[in-house]
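# I need the structure of the sequence given here:
(3 chains)
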Amino acid sequence: MNTIIKETTTAVLATLLFALVLCGIYPVIIWGAGQLLFPHQANGSLIEGSDRKTVGSELLGQNFTSAKYFHPRPSSAGTGYDAANSSGSNLGPTSQKLIDAVKQRVADYRAENGLAADALVPGDAVTASGSGLDPHISPKNALLQASRVARERGLGVDVVKTEIDKATTAAQFGILGEAGVNVLKLNLALDAMSPKK
Amino acid sequence: MAAKTHSIFDPAIIIPAIGASFQKLNPAHMLGNPVMFVTEVGALITTALLFSGGQGASFGFLLQITLWLWFTVIFANFAEAMAEGRGKAQAETLRKSRTETKANRFRGDGALEEVPSNKLRKGDVVIVKAGEFIPGDGEIIEGAATVDESAITGESAPVVREAGGDRSAVTGGTRVLSDVIKVRITANPGETFLDRMIGLVEGAKRQKTPNEIALTILLSALTIIFLIVLISMKAFGIYNGVDFSITVLVALLVCLIPTTIGGLLSAIGIAGIDRLVQKNVLAMSGRAVEAAGDVDVLLLDKTGTITLGNRQAAEFLPAPGVTKEAMAEAAQLASLADETPEGRSIVVLAKEKYGLRGRELNELPHATFVPFTAQTRMSGVDINGTKYRKGAADQVKAFVGGNLPGAVQSDVDRIAGLGGTPLVVASNEKVLGTIYLKDIVKGGLADRFERFRAMGIRTIMITGDNPRTAAAIAKEAGVDDFLAEATPEQKLALIRKEQEGGHLVAMTGDGTNDAPALAQADVGVAMNTGTQAAKEAGNMVDLDSNPTKLIEVVEIGKQLLITRGALTTFSIANDVAKYFAIIPAMLLVSFPSIAPLNVMKLASPQSAILSAVIFNAIIIILLIPLALRGVKFRPLGAAKILQRNLLIYGVGGVIIPFIGIKAIDMMVAALHLA
Amino acid sequence: MNTSGWIQLILFAAALLVTAKPLGLYLCKVLDANGKTFLDPVIKPIERLTYKLTGVDPKQEHDWKRYATAMLLFSLVSMLFTYAILRLQAVLPLNPQKLVAVGEHLAFNTAASFTTNTNWQSYGGESTMSYLSQMVALTIHNFVSAAVGISIAAALVRGIARHTSQTIGNFWVDLTRVTYYLLVPICVVFAVVLVSQGMIQNFKPYDSASLSDPFTTQVPKVDDKGAAVNGPDGKPVMVDQKIDAQTIVQGPMASQIAIKMLGTNGGGYTNANAAQPFENPTPLSNFLQMFAIFAIPSALTYFLGRSVRNQGHGWAVWAAMFVLFFAGVMVAAHYEAAGNPNFTALGVDPADGNMEGKEVRFGIFNSALFATITTDASCGAVNSMHDSFTPMGGLVPLLNIQLGEVVFGGVGAGLYGMLIYVIIAVFIAGLMVGRTPEYLGKKIEPKDVKMASFVILILAFSILGFSAWASVSKMGAPDATGALTDGTNNSGPHGFSEILYAYSSCTGNNGSAFAGLTANAPWYDTTLGFATLFGRFAMIVPILALAGSLARKKLIAESAGTFPVSGPLFTSLLVGTVLLIGALTFVPALVLGPVVEHFLMHAGKLF
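Okay, here's the model as predicted:
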């Protein structure tokens, strides 16, 4: 019994002490180091618009539905790209709901980009990402959208393609991960070229 | 009880075993074996379904499944009954030696009374005269006698038993041939070695060994797990809109739980002890047999185990100026009348090395023979006035009157120093040379010890010889180490030292002063000729009193464990194929698109399930011979044995049922059974 | 698998292999109460102070019962601590979003889940947990539950390495040293590297960004109390809502994520876990997070080899783990790359594989790799949605968990789980060399087999038992019409997989999910909470008993007749045992879930 009391006391004291060290001191050290060394990243890699207002984060995708913008991937985060509600669709491969949605997205994608009825559609263009906040689309997807955006904005397709290149992140160190086009950055860059009508 | 092996297919054993398989269906008996108990409950459930009109499945299918489930239980019982039957047959032979006899017991007042032998208690003193059977295990406290122990050992030559010393123990059922002895009975009726042994081989009093208990725990855990698997499967089926029938779930359960090893486990254990009995070794417990498998140090007495019991002539060393041939001839002549093994070996050596035919005594009519006696320690022959003599150096020195030539004396000293026995040969006053008698290492031992080394077993020779001699013999025999000038205390200390170093030690012994060491050793094999104390201290008794048997005992222990492990591995590995047979069959109706999972292309869902159940039952029968005989033992290192057995019983255990189930399925389909 | 996939896999394997020894040697020092490390000048005073404040005598070692008592009491106290904070978060500081108190069932579930290193989350982090809850109630367990796991593994290894000893170490010393010398220092470095990649670390309230392209969407109409309004047809009434801003989540993330990965906790800061771009901004952060999961478990095998003075054994265990890991990656990557034939039929480029639930920056391979790693270990962090994997791709994480997460495994838990398989393998196959089975000089006796059997029994019982119960009950949250549901987001075999995955994940203390399952309902919260407790403590206690039993044994000398526990043969045996004993239990369940779904998917059947 004495052992139990002694060990319980130790358990309580240890919990409080560890809470102080691990939850008090440790995160503050990281906070200090982060704010000091990488303040931009530590605060959300935020992008400021012309009016110093936050227009988004480099890392978080945003929804774009107008034809003049590159469209991101379908999103299941809240009402779409809700960054306080990150989520995937969690629909399984035999889900009627998923297949119906993909079917609709394929049709829409072909229609808005003027593709043939049997044209292959990029996988990322018609599937929801895991977070619902995927900032990227595949370069293949971006290129298929390029002529639409160019037409809507009255820009040359090659100008748009140059912007796509600029917004493309290659695989890190040429090895890790996959290449992707940051949709928010690309659209903001295009907006900067041709002020909003 | 001569070593006897019973054929696996001896009808005298099979027929009663069949009967016993049914008697063993008693659930109280089955409870000792959780795996088979669950199988029996499964069989009961399908039987109940059968009589309550089934569960939608066709009657014929349900009937066949039910029958095969019962067969599974019966086959397992049969395996156990077979092992017990073989044990009983051994026991019967043992029992025959234990005919009830009358005993002449001393009453408290010193008068004799005649009582049946089974009324004798420990501590009673009886008188046994020539021609009478010794009524029970005991110790001679007065007198000496020649005893015929052939009933126990199968050895026809009578042996001498006498009070005091290391040859005082007598076994019940043996017969006194000469003289009268007074014997103190050392075992109560039913507690003699024979009784214990009979109990063991019959399986009646067999207690599970720790290893069997551990294995049973694991097998029970697997059984419970598969019960959970099958019960949950019913629920998962409901979620997916599939109604699995109880019959099929029971069939799958019985196929998955380790029935193969579960059914054969006790048979393997009984058969292991049985094999030991066939080698004329009585183990006091199953535990001792397993311990034998673990032994990694063997203490072997030099005399009788490593060397032949007697020394033999190995070399003739002529004195200066004497030819070898002349000396050899003299030595041979002088030894003709020496009937001791040493003397005969001189005759043989002369013949083999120098082509001197050993003459028969009657070929030399004018010769006068001087036989070897313990007093003269010299033998010889007088032919035509020439006196040939051979004997101990001192005796010959006295015979020739004067000192031995310097070269001969130094030979004598050298041989003695090597632990050999020097015999000097002389004709009249002339010293011809020295005969070198030495210990002869038994043939084939070096090879055997080499194999032991490969298995990781170290051999240590125990001898009373001086270290120099011991080293020479140890080298020749190929043992790893030796203990020279050994006393019983040193022997005990050596065992303790080895055990502290984490070794398991086996030894043989016969004398009373061996008892502490026998008790200390992990496996102590007492010689049947030894004292009662030695037999009590050891955990095995070798009826043949052959110390070399220790080696076989170790092999039998290993074989027992290997068989158990091999069949466990096989049993578990079988589950893969059974899943592939049954699961697709269970789902094919609801989900026709899973057809590719039916990799064996079994004819129909019902035949697939039936085939798996039949395979599961039949494999028990097919493996009974293996369980009873044991997996063939090979003296290899652990890594090699493991690799080999994993391939055969692990990988083989995955593949064989695929073939077996497919074959049965083809038969079932051809016979339209399902 | 393409070339880039192979290169990344080789890189990952090489990183594991190269760090196993140095980190393993460091572990030897950390797990030795008298060990000296290069951090002693900084940490030793803190360590001494900790013992003084908590009343621990670091010189005293304990037997297994005392060790287990201390571990259980500490877990109980720290679990109550977390429960209390969650229930009180509304009135506690550091709650800029004004989040309400966590409900009782969810608080129990979460406290149990974090205490057991599971970090199953029935909630979305950013919308449920205040900064204080994230930073204190949850983060403390990220450290200490990992430290407990490593301590238990160390105690078991000591039991194996020692002989004729009554004690297996001092729980408090192990806990303290692992936390201070191992977890905190690595996390400090790791967290800062993660910040450099874009992970947030601040104490700001959530930011709001104004959208360049506002859009209108339909949302269910709610009344004043926030409840959904149903139309006459019983369906929710939808109204238009204009979205012109994006709420950007903020907070102290990097400090939590570092230990979340290193301690194989897996509890995300956000709902989407490591798929959320802040939580896993770049492929490099992804690579480092995957590596952090396996780093300590891999090094622990070196610690094992070193402690038992048989480095070959340590490497053989490592190799067995690697083989199982490699096989898992191959299968998962293959099926995810092969994609969903139902997509292909609609005109989706088959070359893109199954991108549903995956992020573009990670692609197919890094998603499959992450899924395999996080379930090989008991991490449970996800960078893609396992629920949306193809059936066979999803079978891999499921099976990994069901095997007991012994493929490198959770910190400590992976090693002690694998050692249970080692003991079973040695017991069965050990007989086949003709000796009663022994493991590193210790005879395996009935008591040891009993403890090992109990562990695998609990795993099967908790996973299959609870799943069976859940699959025939409608115990999940009610649907819009108020009817009780089983809580699944998918129908058919996939729905069953969601249930099976939930109980596998909780029993295995993994924490990942087929997240479609709405597990935040009282019955699920409670049963899943119990599954985490079973999966943790019903395993640790027999394992400590085993450690105690092994420690007491005499040592048997080694010889050529000794069962070999190193080399390719032993590795194959161990892999075979894990697959036979581990996987056979779950074959029927896996067939009724993913396997049937696989065939149905190819047959074009939808639910």
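# ok, and the closest non-adjacent residue to B:K438?
The spatial neighbour of B:K438 that comes closest, neighbours along the chain excluded (Cβ to Cβ, 6 or more residues apart in numbering or on different chains), is B:G420 at 4.0 Å. C-beta coordinates here come from the backbone N, C-alpha and C atoms, glycine included.
# same deal with C:I85?
Per Cβ to Cβ, 6+ apart, closest to C:I85 is C:A137, 3.8 Å.
# Would you confirm that B:L25 belongs to a strand?
No - when DSSP: H, G, I helix; E, B strand; the rest coil is applied, B:L25 is found to be coil, with no strand at that position.
# pretty sure it is touching B:T72, no?
No - at 11.6 Å, B:L25 does not count as touching B:T72 under the criterion of Cβ atoms under 8 Å.
# Would you mind measuring from B:T303 to chain A?
According to Cβ to the nearest Cβ, to the nearest Å, B:T303 stands 60 Å off from chain A.
# Could you confirm that residue falls within a helix?
Yes - under three-state DSSP, B:T303 sits within a helix.
# So what's the residue count around it?
16 (other Cβ atoms under 10 Å in any protein chain shown).
# repeat for the one 3 residues further on
For B:I306, the tally of surrounding residues (other Cβ under 10 Å) stands at 27.
# thought it was touching B:A470?
No - counting by Cβ under 8 Å, B:I306 sits too far from B:A470 to count as a contact (10.4 Å).
# okay, and the common contacts of those two?
Common neighbours of B:I306 and B:A470, using Cβ atoms under 8 Å, 6 or more residues apart in numbering or on different chains, are B:M461.
# ok, C:Q166 - how many residues close by?
12.
# next one: the one 3 residues further on
As a burial measure, C:G169 scores 26 neighbours (other Cβ under 10 Å).
# cool, the one 10 residues further on as well?
Applying other Cβ under 10 Å, we find 26 other residues in the vicinity of C:T179.
# Excluding covalently adjacent residues, which one is nearest to it?
C:A147 (4.6 Å).
# a helix runs through that neighbour, doesn't it?
Yes - C:A147 forms part of a helix when assessed by three-state DSSP.
# Report the contact partners of the residue in the stretch 101-250 of chain B that chain A sits nearest to.
In the stretch 101-250 of chain B, the residue that lies nearest chain A is B:N240 (12.5 Å; Cβ to the nearest Cβ). By Cβ under 8 Å, 6+ apart, the residues touching B:N240 are B:S590, C:G492, C:P493, C:F496, C:L592, C:V596.
# Quickly name whichever of these is closest to chain A.
Nearest to chain A among these, with distances taken as Cβ to the nearest Cβ, is C:G492, at 5.9 Å.
# That closest one and A:K97 touch, don't they?
No - between C:G492 and A:K97 there is no contact under Cβ under 8 Å: 11.9 Å.
# Looking at these two, which has the bigger crowd around it?
C:G492 (23 against 15).
# on that earlier part again, the residue nearest to B:K438 and chain A, how far apart?
70 Å.
# OK, contacts around that residue?
B:R311, B:A314, B:Y436, B:L437, B:K438, B:D439, B:T469.
# A:A14 now?
Residues near A:A14 by Cβ under 8 Å, 6+ apart: C:T50, C:T54, C:F74, C:W172, C:L175, C:T176.
# Tell me if I am right that it is in a helix.
Yes - counting by three-state DSSP, A:A14 is part of a helix.
# Mark out where each domain of chain A begins and ends.
What the record gives for chain A is the domain set A:2-39, A:45-193, from automatic domain parsing.
# Tell me which of those domains is the most buried.
domain A:45-193 (a mean of 21; mean count of other Cβ atoms under 10 Å in any protein chain shown).
# ok, back up a step: tabulate the domains of chain A in JSON lines, adding columns for mean pLDDT.
Output for the domains of chain A, formatted as JSON lines (pLDDT from 0 to 100):
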{"stretch": "domain A:2-39", "mean pLDDT": "94"}
{"stretch": "domain A:45-193", "mean pLDDT": "93"}
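# all strands of chain C, in order?
C:207-220, C:238-248, C:438-439, C:442-443 (DSSP state E).
# I meant chain A, not that one.
Counting by DSSP E, the strands of chain A are A:46-48, A:54-57, A:136-137, A:168-169, A:180-182.
# want to try a markdown table for those, with distance to B:S345 as columns?
Below are the strands of chain A laid out as a markdown table (distance: least, Cβ to Cβ, whole Å):
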| stretch | distance to B:S345 |
| --- | --- |
| strand A:46-48 | 106 |
| strand A:54-57 | 102 |
| strand A:136-137 | 97 |
| strand A:168-169 | 95 |
| strand A:180-182 | 95 |
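# A:A83: which of those strands is closest?
strand A:54-57 (7.6 Å; Cβ to Cβ).
# How about the closest one and chain C, touching?
Yes - residues of strand A:54-57 contacting chain C under Cβ under 8 Å from any Cβ of the partner chain: A:T54, A:V55, A:G56, A:S57.
# Please determine how far the last one is located from A:E48.
The gap separating A:S57 from A:E48 is 11 Å, by Cβ to Cβ, to the nearest Å.
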